[in-house]
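Peer 1: generate a structure from the sequence data that follows.
(chains A and B)
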Amino acid sequence: AQRVTQPEKLLSVFKGAPVELKCNYSYSGSPELFWYVQYSRQRLQLLLRHISRESIKGFTADLNKGETSFHLKKPFAQEEDSAMYYCALSGRETSGSRLTFGEGTQLTVNP
Amino acid sequence: DAGVIQSPRHEVTEMGQEVTLRCKPISGHDYLFWYRQTMMRGLELLIYFNNNVPIDDSGMPEDRFSAKMPNASFSTLKIQPSEPRDSAVYFCASSFGLAGVHTGELFFGEGSRLTVL
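Peer 2: Below you'll find the predicted structure:
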């Protein structure tokens, strides 16, 4: 079974402060991890994937297999980062076609 | 392409009534997913189709829920009879190929917000 846990439902920071959204996963095989974002009145969309090792809108996420974590980080938060963030996992070794999401973290960046 | 199209955007109904949510995936996509979003449980996968065939419906809460995909460009999620605890935002998403799923390339609709009184 695959499971994704986001321990914080709500996270509030001030503009310019560092932000870290936590994500832990449980999966016996080799996972593919993603972060999705949903801005107000917009569709849920892919933000970044671990395999690309990319930085999108200043966000990065490193897959830590030892800690089974994929935390999303940004050194200096901006007000436009306020959104709902979902961590997701896809398992290639299982039936593999499902993308399992965490519970989501609502990030608010205050001015 | 207009992306994944869902209707209705908002639905308010009374307990016991039938609810039908509709989805048009992106043309050419062969995977279609129905998710339910609630504050308590986040995004839950209800069912997904591959080439119009239901592959995994283990997330469907109970027999009151049913989903169909009669062709590649249309899917429905039906709740009959509806209950207040079904109130949620229901998302449809589509993807191209298994590789698309594995690389996280799911394209979501705007969602249907259901309120059951």
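
Peer 1: so residue B:60 makes contact with residue B:44?
Peer 2: No - using CB atoms under 8 Å, residue B:60 is not in contact with residue B:44, being 10.1 Å away. Yep, even glycine has a C-beta here, placed from its N, CA and C like the rest.

Peer 1: quick one: least confident helix or strand in chain A?
Peer 2: strand A:99-101 (a mean of 87; mean pLDDT, DSSP states H and E).

Peer 1: now for that strand, which elements pack on it?
Peer 2: Applying 3 or more CB pairs under 8 Å, 6 or more residues apart in numbering or on different chains; DSSP states H and E, one finds that strand A:99-101 contacts strand A:3-5, strand A:83-91, strand B:42-50.

Peer 1: the shortest one - what's its average pLDDT?
Peer 2: Okay, so that is strand A:3-5. Mean pLDDT, strand A:3-5: 92.

Peer 1: residues touching the helix or strand that that strand is followed by, excluding its own?
Peer 2: Using DSSP states H and E, the helix or strand that directly follows strand A:3-5 along the chain is strand A:10-14. Strand A:10-14 is contacted by residues A:19, A:21, A:77, A:105, A:106, A:107, A:108, A:109, A:110, A:111 when judged by CB atoms under 8 Å, 6 or more residues apart in numbering or on different chains.

Peer 1: with distance to residue B:7 and neighbour count added, can I get these in TSV?
Peer 2: Formatted as TSV, these follow (distance: CB to CB, whole Å; neighbours: other CB atoms under 10 Å in any protein chain shown):
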residue	distance to residue B:7	neighbour count
A:19	36	21
A:21	32	24
A:77	36	22
A:105	29	21
A:106	27	16
A:107	30	21
A:108	31	14
A:109	33	20
A:110	36	11
A:111	37	6
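
Peer 1: in helices only, show me those residues.
Peer 2: Among the contacts of strand A:10-14, no residue falls in helices (DSSP state H).

Peer 1: dump the residues you listed to TSV, plus pLDDT and distance to chain B.
Peer 2: Putting these into TSV (pLDDT from 0 to 100; distance: CB to the nearest CB, whole Å) gives the following:
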residue	pLDDT	distance to chain B
A:19	97	19
A:21	97	13
A:77	97	22
A:105	95	9
A:106	95	9
A:107	97	14
A:108	97	15
A:109	97	20
A:110	96	21
A:111	94	25
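
Peer 1: identify each of the strands in chain B and give its residue range.
Peer 2: Remark: strands assigned in chain B by DSSP state E are B:5-7, B:10-13, B:19-24, B:31-38, B:42-50, B:53-56, B:65-71, B:74-79, B:88-95, B:107-108, B:112-116.

Peer 1: pairing partners for the longest one, with directions?
Peer 2: The reference is to strand B:42-50. Using DSSP bridges, the strands paired with strand B:42-50 are strand B:31-38 (antiparallel), strand B:53-56 (antiparallel).
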